[in-house]
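A.B. asks: 3D, please:
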Amino acid sequence: MDALGRRYYKGTSEIYEVFNVISGVIFGPNFKWEISDSAEDKLVMMITRCPLLKEVRGKEQYAELSEACQSYCRSAVENLNPRCTQIYTKRMCSGDGYCENVISIRE
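C.D. replies: Alright, predicted model coming up:
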């Protein structure tokens, strides 16, 4: 791996950069989110618009989307920066009014 591939950032800026890359690749331009809380080792985002929701129909597909989205996002975050991990604590596709995405730096 070259020097750029091994580059790691500190604190919130590290997490923010990882999420910007992930959201652009996975969700595209019709994705809306804002930071709802932050600390040196954690960033909490409130996602209010997800273009993937328009693509699914019915409860069964929402459950599949929820699991696939969580797995894919966590994998992408952890592969971009192994010091980070990701989890959704709220999900629109599970009936919540917004998604809450928490990306944190591992101890």
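A.B. asks: from I15, how far out is R83?
C.D. replies: R83 sits 9 Å away from I15, going by Cβ to Cβ, to the nearest Å. Quick note: C-beta positions are derived from backbone N, CA and C, even for glycine.
A.B. asks: and what of Y72?
C.D. replies: 18 Å.
A.B. asks: of these two, who's got more company?
C.D. replies: Neighbour count, other Cβ atoms under 10 Å: between Y72 and I15, I15 has more, with 29 against 12.
A.B. asks: packing partners of the longest helix along the chain?
C.D. replies: Secondary structure assigned by DSSP state H gives helix 58-80 as the longest helix of the chain. Counting contacts by 3 or more Cβ pairs under 8 Å, 6 or more residues apart in numbering; DSSP states H and E, helix 58-80 packs against helix 11-26, strand 84-90.
A.B. asks: the first one vs strand 84-90, what angle?
C.D. replies: Our comparison of helix 11-26 with strand 84-90, counting by axes from the mean of the first three to the mean of the last three Cα atoms, to 10 degrees, yields an angle of 70 degrees.
A.B. asks: quick one: helix 11-26 to chain centroid distance?
C.D. replies: Centroid separation for helix 11-26 versus its chain: 8 Å, with Cα atoms, centre = their mean, to the nearest Å.
A.B. asks: again, but for stretch 64-82
C.D. replies: A distance of 7 Å separates the centroid of the chain from that of stretch 64-82, by Cα atoms, centre = their mean.
A.B. asks: list the buried residues for that stretch?
C.D. replies: By neighbour count on 16 or more other Cβ atoms under 10 Å, the buried set for stretch 64-82 is L65, S66, C69, Q70, C73, R74, A76, V77, L80, N81.
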